[in-house]
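[1] Below are the sequence and a predicted model; questions follow.
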Amino acid sequence: MIVAIDGPAGVGKSTVAKLLASRLGFLYLDTGALYRAVAWGVLRHGIEPTDAEAVAGLLTKLSLQMEVTSNDVTVSMNGTDVTKDLRTPAVSAAASVVSAIPAVRAWLLPVQRQIGNKGSVVAEGRDVGTKVFPSAPVKFFLEADPTVRAQRRHHELVAAGHRGAIEQTSAELAGRDDRDRSRAMAPLIPAEDAQHIDTSSLSADEVVNRMLAVVTAKL
């Protein structure tokens, strides 16, 4: 079984996806980590993320591997473990740009589907239910108030040692939303059969419990 969880940044996708995968004994797939890995490679090679042609050309020089478990992922680029480098503000900003490049999305699509063939998976991202696994029997689309999302993301950044004003975080989220929703290929939209959950006033456990009720009914 594949459980697809989509939604914008700051709604709690990663947290609830890991918890849900752990409780179900499913593999956890963070599709966003793959785009971050490409962004890391782009920056590493001194390429401007907005240069779509150069980014597309770089893909032939990249070898990407992802190991998944029930509560974590490990990403390697050309044999180097880059997992800990993927959550920096610089990589996040670059990932937001390169993820809109059609060549990047097309290159990563079979990588994601190959992981989905390894067993039962909880996959989270921005086009999991619409593009990557459109036949997934269970799909969720998470939403939250923009202020709540900004506070959550800012807290994550501070906890990781990155300084910055919450206003900057809020502006970055708004920009990411605009790029995700307006890109030509696989924009951020809910799948028609996705169940919507507003996480603004819910704890992670409350969200997971709602999801579990839906998933177990399908098992």
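    Here it is on my side, so go on. Because the structure is predicted, anything quoted here is derived from the model rather than measured.
[2] in what helix or strand does the residue nearest to residue 211 when sequence neighbours are not counted lie?
    Of all residues not flanking residue 211 in the chain, residue 20 sits nearest, at 5.4 Å (Cβ to Cβ, 6 or more residues apart in numbering). Just so you know, the C-beta spots here come from the backbone N, C-alpha and C atoms, and that holds for glycine as well. According to DSSP states H and E, residue 20 maps onto helix 13-24.
[3] elements contacting that helix?
    The contact analysis (3 or more Cβ pairs under 8 Å, 6 or more residues apart in numbering; DSSP states H and E) places helix 13-24 against strand 2-6, strand 27-30, strand 121-125, helix 204-218.
[4] For these, could you give me a markdown table that also reports distance to residue 107, mean pLDDT and mean neighbour count?
    As requested, those are arranged in a markdown table below (distance: least, Cβ to Cβ, whole Å; pLDDT from 0 to 100; neighbours: other Cβ atoms under 10 Å):
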| stretch | distance to residue 107 | mean pLDDT | mean neighbour count |
| --- | --- | --- | --- |
| strand 2-6 | 20 | 98 | 27 |
| strand 27-30 | 17 | 96 | 24 |
| strand 121-125 | 15 | 97 | 28 |
| helix 204-218 | 30 | 96 | 15 |
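[5] tell me the angle the helix holding residue 20 makes with strand 2-6.
    Angle of helix 13-24 versus strand 2-6, following axes from the mean of the first three to the mean of the last three Cα atoms, to 10 degrees, is 160 degrees.
[6] Count residues in the vicinity of residue 115, would you?
    Residue 115: 20 surrounding residues under other Cβ atoms under 10 Å.
[7] any idea which element it lies in?
    helix 102-116.
[8] got it, and residue 38?
    helix 31-44.
[9] same check, this time on residue 142
    Here residue 142, judged by DSSP H and E, is contained in strand 138-143.
[10] other SSEs contacting that strand?
    strand 2-6, strand 195-198, helix 204-218.
[11] now these as TSV including distance to residue 172?
    Shown next, in TSV, are the helices and strands packed on strand 138-143 (distance: least, Cβ to Cβ, whole Å):
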stretch	distance to residue 172
strand 2-6	20
strand 195-198	22
helix 204-218	23
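[12] To residue 29, which of the ones you listed lies closest?
    Taking Cβ to Cβ, strand 2-6 is the member of those nearest to residue 29, at 8.8 Å.
[13] relative orientation of the closest one and strand 121-125 in degrees?
    Strand 2-6 runs at 20 degrees relative to strand 121-125, counting by the same axes, to 10 degrees.
[14] In terms of secondary structure, what does strand 2-6 contact?
    The contact analysis (3+ Cβ pairs under 8 Å, 6+ apart) places strand 2-6 against helix 13-24, strand 121-125, strand 138-143, helix 204-218.
[15] I appreciate the help and will end here.
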